[in-house]
Each structure stands twice: as structure tokens, then as C-alpha cells.
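Chemist: I'd like to go over a predicted model; first the sequence, then the structure.
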Amino acid sequence: MNEQFSKKSEAWSARFSEPVSDLVKRYTASVSFDQRLASVDIQGSLAHAEMLAHQKIISAQDYADIQRGMAQIQAEIAEGKFTWLLDLEDVHLNIEKRLTELVGDAGKRLHTGRSRNDQVATDIRLYLRAAIDDISVLLRGLRMALVDLAEKNADTILPGFTHMQVAQPVTFGHHMLAYVEMFGRDAERMADCRKRVNRLPLGSAALAGTTFPIDRERVADSLGFDDVCHNSLDAVSDRDFAIEFCAASALIMTHISRLSEELVIWMSPRVGFIDIADRFCTGSSIMPQKKNPDVPELARGKTGRVNGHLVALLTLMKAQPLAYNKDNQEDKEPLFDTVDTVIDTLRIFADMAGGIAVKPQAMRQAALQGYATATDLADYLVKKGLPFRDAHEAVAHAVRACEQRGCDLAALSTEELRQFSELIGPDVHQVLTLEGSVAARHHVGGTAPEQVLLAIQRVRTLLA
Ligand code: ARG
């Protein structure tokens, strides 16, 4: 190993007269977690070196040497043979040091016209761009799975709830499509965030730019960035794009947590609306009868950590003066964990949605309790000319009578119903059925099975 780089204090220069303590070394190093940036770091370095050669800042031979060295490093990392040294602090210095070992002076020239500050900002953006692309594909997969489930259950009726009280009948297809909408907006947010992620910091150097005749557009083009960052101080310091990503991720997990909560409730034997495939559940070590919906529960819990990462990054950025500060090294673990958690969760949920067994009989039984068609009766009276408030009152009396008798509205005869309003006729019973109730909500965004099928068509076209 090159002696000059062997001790961290000596990595910098003769400027330092004593080595850092082991504790400080461990405290300040990021190599244990930023290794995962290795391949984007190499990608960024190669684009930078190509530009340096093109601009005649380094020689063509230097560039060729750098390419050769990087190819070997890439292979060593892939084979698990690369030795990561804590003494070299982070992924950037570890790779640069190895490159210099392999190709000599060309390796030492790579850092011309750049700094780790613009280098790391570039790496994170490259990493995040790929993560966003993965997440977008997974969000699409989840929506497809939910749309399939919705289609199979376009006319399966269950009670819709407000305040966790039975409100009105809805179709299970419609219920699933509510989540399809949520995950659709999540995908839009990711796509929008990607625009701001996809700008190139490189060329900003430490903070003020560089004295070399660089060509930033060339590097941006070769790395697939839409644009360069237009202010060097801003480019090396702000992590707002990562915060945005975490905010969009927190919303994904929040939507996942809402779906999870419903799955847990629906799977409770008390409710029994669905069953989740065994491969997503676990048993109990003591209670043989148990089948627990562990995956949705855990996803609900993991929402907490992703929300936490968002707050961590906001707090990290808050009140940081321009330009780069070491605080920013702390952006990585929350960001990486957010990506891992969201990716695993979406992958599992798309698979799990396909394995949800719906129990229409239990849903129907539940919808028949709780006077789910009371609003339909009120609407019926309004259509016969009664002002809505009076209709509301008349139906409230009818519900009360049913409560006393322990029966549903539909169980009352026309004659009995007429006690609450003279306007009621024999046509009332069509209105009081669950099918009549959902079919009547036949407009864009409504729960009627036909509308559900139209909405499914619309989403399928969007996702095609
Ligand atoms: N490991 C550092 C980080 O993650 C790289 C940039 C360090 N720059 C510096 N001037 N110390 O942010």
C-alpha cells in the first residue's frame, strides 16, 4: 500500500501533524455504508476523465489508463475482492487510491478540476435516479395487481365505512381502485422529483467552480443528465432533491400503511372479508390456531421509519450555511434505507395483492347490517318531492324502528315503510337492495360496477 495514503491523517497532506484517534476515524468515515455508491462513483469518474481528456486537461493515455484501472476495480468489487479501508474514509478515496495503485500518475490526475463535494452530490443523484426508475416500475406493477383484483371484484359488494361505521354499500373493485389512484399520484410525484434529481453538480468542484477549461454539458450528456446545476455553491450543498424523494416515499408508505390497516382488519376472524395467502403470514409459537397478517403489519410499522428518514433529512439540511458541510455525509443512511424499504415493500405488495382471496358472502352479510341503504331511501323520497332534510328525518325514524325490531330496512313491508312517509310506494324495495344502491351511483368516480369497469379500462390504458 502506498505509505502516503496509509493513515487517514496523512491522506490529506503534510498539513496534519498527528493522526486522528480510532474513534474519530470511525466517527467520520462513511465507507461502511457509501460503498454502495461505488458503481455510480466509477461511472461519474469515467465521464469526468473523458471530458478532461477531450478538453486536453489530461492526456488520452491518462484517460485510457483510468478506464483500464476502473474496469479492474469494478471487477474486484463485483467479485468481493476489493479491500475497503476505513483509513480512506469514504468510497471516493478508496477507489481513487486503488486506481492510483493500479495505474500510477493517471490515477492521481483524475481529481483535476473536481472535488469530493461535487463528486458525492453527483453520485447520489445518479443513485437516486436509478432508484426512482426502479420504484416507478414497481408502483406500476402494484397498480396492475390491484386493477386485476378490482376487475375480479367489480360487482362484489361490501359496506363502505365512514368513522368506521357502516355508511353505504360500495363495490370491492371501487375500493381497490381508490388505492390505484393513490399509487398513481405517488408515481406522478416520483416522476416529478426525478426532473430535479437529474441535474449535474460535477464541475462545481469544492464550492466555487474550477480554473480548468471544463465542459460540463459534455459530462451531463454522457451521464444522461437533463441539465447542469447552475450554481456551484448550491450544487455541492443542497440535498433538497433527496428530501423531496423521501417525502414522496413517505407518502407511498403512508398509502401502503392505509391499505395494510384495512387488510389486517379484513383478515381478522371477526370481520373475515378476505384471506391473505399463507406465504405472507406467520403462525404463533404458542397459539396453534393463529395465522397472522405479518406482512401488512410490518409494512404499517415500516412507514414509521420512512417518515422518520424524511424528518432526519429535513433536520440535517435545516440552517446549514453555504456551501458543503460534513453534515451532508449523514444524508446517505436514511436515503438508502428509504430506497430499500420502499422497494421491498412495493415488490411484496404487488405479489400479495395477487394472493388476496375475497369472501363475498361475509362482505355481503356485513353490508346488510348497519342500514347501509338508508341514504338511498332518503334519496328516493327526495325524488318523490320531499325536501332532503325532511327525507333525512323520515328515514331516521324508520331506522330507529328497525333498530327496535332488530331488522334491516329492506325487511320492512311497503305498508310498514309508509308509516314514515306517504310518498313510499312498492318501487321502494329496488332502492333498498345492495345491488340497487351501488348500481345507482353511476357517474364518473362512482361505485357502480359499470363505472368500476370503465375506470379499470382507463387505468389500463394509462399503464399500457
Ligand atoms: N464522504 C463525504 C460525504 O459523503 C464526501 C464529501 C466529503 N467532502 C469533504 N470536503 N469532506 O459527503
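Modeler: Good, I have the coordinates.
Chemist: Point out where this protein drops to low pLDDT.
Modeler: 1-12 (pLDDT under 70).
Chemist: How about the residues of it by the ligand?
Modeler: For the chain, the contact set with the ligand under C-beta under 6 Å from any ligand atom comprises 30, 34, 90, 116-117, 120, 324, 326, 328-329. From N, CA and C alone the C-beta is placed, and that goes for glycine too.
Chemist: Only the buried subset of those residues, as a PyMOL command please.
Modeler: Entered in PyMOL, the line below selects the buried ones among the residues of the chain next to the ligand, by 16 or more other C-beta atoms under 10 Å:
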select buried, resi 30+34+90+116+117+120+324+328+329
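Chemist: Redo the residues of the chain next to the ligand as a markdown table? Include secondary structure and distance to residue 129.
Modeler: Output for the residues of the chain next to the ligand, formatted as a markdown table (DSSP: H, G, I helix; E, B strand; the rest coil; distance: C-beta to C-beta, whole Å):
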| residue | secondary structure | distance to residue 129 |
| --- | --- | --- |
| 30 | coil | 20 |
| 34 | helix | 17 |
| 90 | coil | 20 |
| 116 | helix | 20 |
| 117 | helix | 19 |
| 120 | helix | 15 |
| 324 | coil | 21 |
| 326 | helix | 24 |
| 328 | helix | 18 |
| 329 | helix | 20 |
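Chemist: so which pair among the residues of the chain next to the ligand is furthest apart in space?
Modeler: Greatest spacing in those, by C-beta to C-beta: 34 and 324 (15.1 Å).
Chemist: so what's residue 174 up against?
Modeler: Contacts for residue 174 (C-beta atoms under 8 Å, 6 or more residues apart in numbering) come out as 150, 446-447, 451-452, 455.
Chemist: mind checking the SS state of it?
Modeler: With DSSP: H, G, I helix; E, B strand; the rest coil as the basis, residue 174 sits in helix.
Chemist: what helix or strand does the residue of the chain positioned farthest from its centre sit in?
Modeler: Distance from the C-alpha centroid of the chain, by C-alpha atoms, centre = their mean, peaks at residue 415 (55.3 Å). When elements are assigned from DSSP states H and E, residue 415 belongs to helix 414-418.
Chemist: a strand runs through residue 270, doesn't it?
Modeler: No. Looking at residue 270 with three-state DSSP, it is coil, so not inside a strand.
Chemist: coming back round to it: which other residues reach the next helix or strand along the chain from the helix holding residue 415?
Modeler: On the C-terminal side of helix 414-418, the closest following helix or strand by DSSP H and E is helix 428-432. Residues from elsewhere that reach helix 428-432 (C-beta under 8 Å, 6+ apart): 373, 376-377, 379-380, 409-410, 414, 417, 436-437, 440.
Chemist: The nearest residue to residue 126 once chain neighbours are set aside: neighbouring residues, count only.
Modeler: Using C-beta to C-beta, 6 or more residues apart in numbering and skipping the chain neighbours, the partner closest in space to residue 126 is residue 40 (3.9 Å). Residue 40 has 20 neighbouring residues, counting by other C-beta atoms under 10 Å.
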